[in-house]
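In: Give the three-dimensional model of this entry:
(one chain, ligands or ions: 4)
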Amino acid sequence: SKGLWGKEHRRASRIPSEFSQEERVTMKEALKGAIQIPTVSFRPGEYNRTALSEFGGYIRKVFPTVFKTSFIQHEVVGEYSHLFTVQGSDPSLQPYLLMAHIDVVPASDQGWEVPPFSGLERDGFIYGRGTMDNKNSVMAILQALELLLIRNYIPRRSFFIALGHDEEVSGTDGAKKISALLQARGVQLVFLVDEGSFILDNFFSSLKKPFAMISVSEKGSLNLMLQVNMTPGHSSAPPKETSIGILAAAVSRLEQTPMPNMFGDGLLKMTLQQLANEFPFPINIALNNLWLFGPLLSRILERNYITNALVRTTVALTMFNAGIKMNVIPPVAQAIVNLRIHPSQTVQEVLELVKNIVADDRVQFHVLSASDPLPVSPSDDGALGYQLLRQTLQSVFPEVSIAAPGICIGNTDSQHYTNLTTGIYKFSPLYLQPQDFQSIHGINEKISVQAYETQVKFIFEFIQNADADPKPVPHKHEL
Ligand SMILES: CC/C=C\C/C=C\C/C=C\C/C=C\C/C=C\C/C=C\CCC(=O)O
Ligand SMILES: N[C@@H](Cc1ccccc1)C(=O)O
Ligand SMILES: [Zn+2]
Ligand SMILES: [Zn+2]
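Out: Ligands and ions are numbered 1, 2, ... in the order given. Modelled structure (predicted):
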């Protein structure tokens, strides 16, 4: 036991998450500056290098304390990614990792109320590409640390901050290298926190209160190129079938044939059971009796694009290419299909299903990239990362009555860290409404100044919670 001194020492060292007017202005201006640097990723290995190196200089400028603190080591990895090692005062505590990514998807000015890289503030919102995905997190993590350091905070538990520079194009040059570096150093993380889920508001008309979804798994992905080769020729005497027609029919079959509904398999059921009592009658009854109402619910979930993505592997036709001249029967047609694999399936299983649906030997399959879904991270009382997120939610968002474990439907850099921890939690402390979801990778991506300040506050509290003694966990056998 640490005794009374230990307790008092910790109580005294708790720093309230209150920021001065000047600090609040400084932090929002820092975010705006980050949005103005167009750190766009185009393809693996192809990203705006000028912007990425400018970003490296920018964080040094706006977070001087982080960079000059003796117990923080900063390293550039893979040319543009950043790894911070914050050495805590108690080496017996296992370290954790906070993650975010610097790069963004492209954005043209079309459809935006303000140019996407202007970082302009309108009606209390900062607009721009990256305000939700994911410069808000990059800046909020460093900002929270900067503010703690200015208040002379000394962390007890060591932690890392990993900022990838090519997440939007798979993370192989950034996150994957950071992960390999940490592994080479023998690091084992107690947990990590990355982007991937939010406090969901208004996603169900019957659920009036917002709830925090902390993703504990992530879908896999499969990019497939389908190709059909046929003998070219004169379009005045066409054969019965052409490469274009065969390929079009193949991808149409894929679009028309949904992958199996995997609702019955575990994780989503757990999400719904935990949310059950938040719903009004009779939905609460249905959710509390999934053994009976499961099939009906899974049918209802299929009707909405987002919830459909939670129950099955999705198939999206994203590219289609064929033809070289108006009067030439094309020799080759190619299509790209982007699949997101449900956590209870594997790349191999899905590939077999795809081939059976296409059922045409003239169609060749080329796997361009593939990753299996992430294993399910624990969310029980003993899962430190999950419980710290819950605890911090309770104090920073007291109006959010419940947190539930969920599935992340997008892919993130955390897929490269399965070698370092079994506790991968994907959560940003921000409200998300269905219309905000459309803005991620879409138009008019924005964050309210207040929401950004709250994100900083959350991380400021989270770091301190990770340093406090763990809350005692009730042991059933003692009751
Ligand atoms: C019944 C289940 C309960 C709730 C279902 C409702 C909606 C939840 C599903 C998804 C919406 C939440 C999160 C946004 C998803 C994708 C973003 C994740 C990763 C982004 C990666 C990136 O592009 O950089
Ligand atoms: N995060 C992006 C890019 C990505 C795709 C596949 C794997 C890794 C990253 C997405 O989900 O679309
Ligand atoms: Zn993204
Ligand atoms: Zn992202």
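In: ranges for the strands of the stretch 301-450 of the chain?
Out: 314-322, 328-329, 332-341, 364-371, 403-408, 424-426, 431-432, 446-448 (DSSP state E, counting those that start in this stretch).
In: Distance check, Arg312 against Asp380.
Out: Going from Arg312 to Asp380 by Cβ to Cβ, to the nearest Å gives 27 Å. C-beta: built from backbone N, CA, C; applies to glycine.
In: who has more neighbours, these two?
Out: Arg312 (22 against 9; other Cβ atoms under 10 Å).
In: OK, contacts around that one?
Out: Residues near Arg312 by Cβ atoms under 8 Å, 6 or more residues apart in numbering: 258-262, 302, 342.
In: can you give me how far the longest helix anywhere in the chain is from the chain middle?
Out: Ranked by residue count and defined by DSSP state H, the top helix of the chain is helix 449-467. Mean-position distance between helix 449-467 and its chain equals 18 Å (Cα atoms, centre = their mean, to the nearest Å).
In: Summarise which helices and strands that helix is packed against.
Out: Helices and strands touching helix 449-467, by 3 or more Cβ pairs under 8 Å, 6 or more residues apart in numbering; DSSP states H and E, are helix 21-35, strand 125-127, helix 135-150, helix 384-396.
In: what's the closest of the ones you listed to Ala51?
Out: Ala51 sits nearest to helix 21-35 of all these, at 10.7 Å, using Cβ to Cβ.
In: Report the buried residues of the closest one.
Out: Using 16 or more other Cβ atoms under 10 Å as the test for burial, helix 21-35 gives 23, 27-28, 30-35.
In: just to revisit the earlier point, what's the most buried one of the strands of the stretch 301-450 of the chain?
Out: Per residue and on average, the most neighbours among the strands of the stretch 301-450 of the chain fall to strand 424-426, with a mean of 27 (mean count of other Cβ atoms under 10 Å).
In: hang on, Pro330 packs against Phe320?
Out: No. Taking Cβ atoms under 8 Å as the definition, Pro330 is not a contact partner of Phe320, at 12.0 Å.
In: measure Arg303 to Leu297 for me?
Out: In this view, Arg303 and Leu297 are 11 Å apart by Cβ to Cβ.
In: swap in His74?
Out: Counting by Cβ to Cβ, the gap from His74 to Leu297 is 48 Å.
In: Could you give the number of residues near the nearest residue to Lys209 once chain neighbours are set aside?
Out: Closest residue to Lys209 apart from its sequence neighbours, by Cβ to Cβ, 6 or more residues apart in numbering: Ser401 at 5.8 Å. Residues lying near Ser401 (other Cβ under 10 Å) number 14.
In: Could I get the contacting residues of Ser401?
Out: Applying Cβ under 8 Å, 6+ apart, we find Ser401 in contact with 209, 211, 278.
In: repeat for Ser236
Out: Here Ser236 is in contact with Asn327 (Cβ under 8 Å, 6+ apart).
In: Wait, a strand at it?
Out: No. Ser236 is assigned coil when assessed by DSSP: H, G, I helix; E, B strand; the rest coil, not a strand.
In: Give me the phi and psi angles of it.
Out: Main-chain torsions, Ser236, degrees, to the nearest 10: phi -80, psi -20.
In: Which of Arg303 and Leu297 has more residues huddled nearby?
Out: Applying other Cβ under 10 Å to Arg303 and Leu297 shows that Leu297 carries more neighbours, namely 19 against 8.
In: give me the residue from the stretch 301-450 of the chain nearest ligand 1.
Out: Going by Cβ to the nearest ligand atom, ligand 1 is nearest to Gly410 of the stretch 301-450 of the chain, at 2.9 Å.
In: What residue, apart from its backbone neighbours, is nearest that residue spatially?
Out: Nearest residue to Gly410, sequence neighbours excluded (Cβ to Cβ, 6+ apart): Gly196, at 6.6 Å.
In: can you tell me which residues contact the residue positioned nearest the centre of the chain?
Out: For the chain, Gly196 is the residue whose C-alpha lies nearest the centre (Cα atoms, centre = their mean; 2.4 Å). Counting by Cβ under 8 Å, 6+ apart, Gly196 makes contact with 215, 218, 408, 410, 412, 414, 426-428.
In: now, which of those residues lie close to ligand 2?
Out: Checked against ligand 2 using Cβ under 6 Å from any ligand atom, these yield the following neighbours: 410, 412.
In: Same list (the contacts of Gly196) but as a markdown table, adding distance to ligand 4.
Out: Output for the contacts of Gly196, formatted as a markdown table (distance: Cβ to the ion, whole Å):
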| residue | distance to ligand 4 |
| --- | --- |
| Ser215 | 13 |
| Glu218 | 12 |
| Cys408 | 10 |
| Gly410 | 7 |
| Thr412 | 6 |
| Ser414 | 10 |
| Lys426 | 10 |
| Phe427 | 13 |
| Ser428 | 9 |
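In: Could you report the distance from Trp291 to Leu268?
Out: 15 Å.
In: Counting neighbours, go ahead and name the busier of those two.
Out: Set side by side, Trp291 and Leu268 show more neighbours around Leu268, with 26 against 7, by other Cβ under 10 Å.
In: helix or strand for the more buried one, which one?
Out: According to DSSP states H and E, Leu268 maps onto helix 267-275.
In: tell me the mean pLDDT for stretch 196-215?
Out: Confidence for stretch 196-215, expressed as mean pLDDT, is 94.
In: Quick check: the gap between His101 and Glu167.
Out: Counting by Cβ to Cβ, the gap from His101 to Glu167 is 4 Å.
In: anything in contact with each of the two?
Out: Residues touching both His101 and Glu167 by Cβ under 8 Å, 6+ apart: 134, 174-175, 413.
In: Next, format the strands of the stretch 301-450 of the chain as CSV and append mean pLDDT.
Out: Output for the strands of the stretch 301-450 of the chain, formatted as CSV (pLDDT from 0 to 100):
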stretch, mean pLDDT
strand 314-322, 98
strand 328-329, 96
strand 332-341, 98
strand 364-371, 97
strand 403-408, 97
strand 424-426, 98
strand 431-432, 98
strand 446-448, 98
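In: Can you check which of those gets nearest to Arg151?
Out: Comparing those by Cβ to Cβ, strand 446-448 comes nearest, at 24.7 Å.
In: ok, that closest one: who's next to it in the sheet?
Out: If you go by DSSP bridges, strand 446-448 pairs up with strand 125-127 (antiparallel).
In: before we move on, which element is Glu75 in?
Out: strand 72-77.
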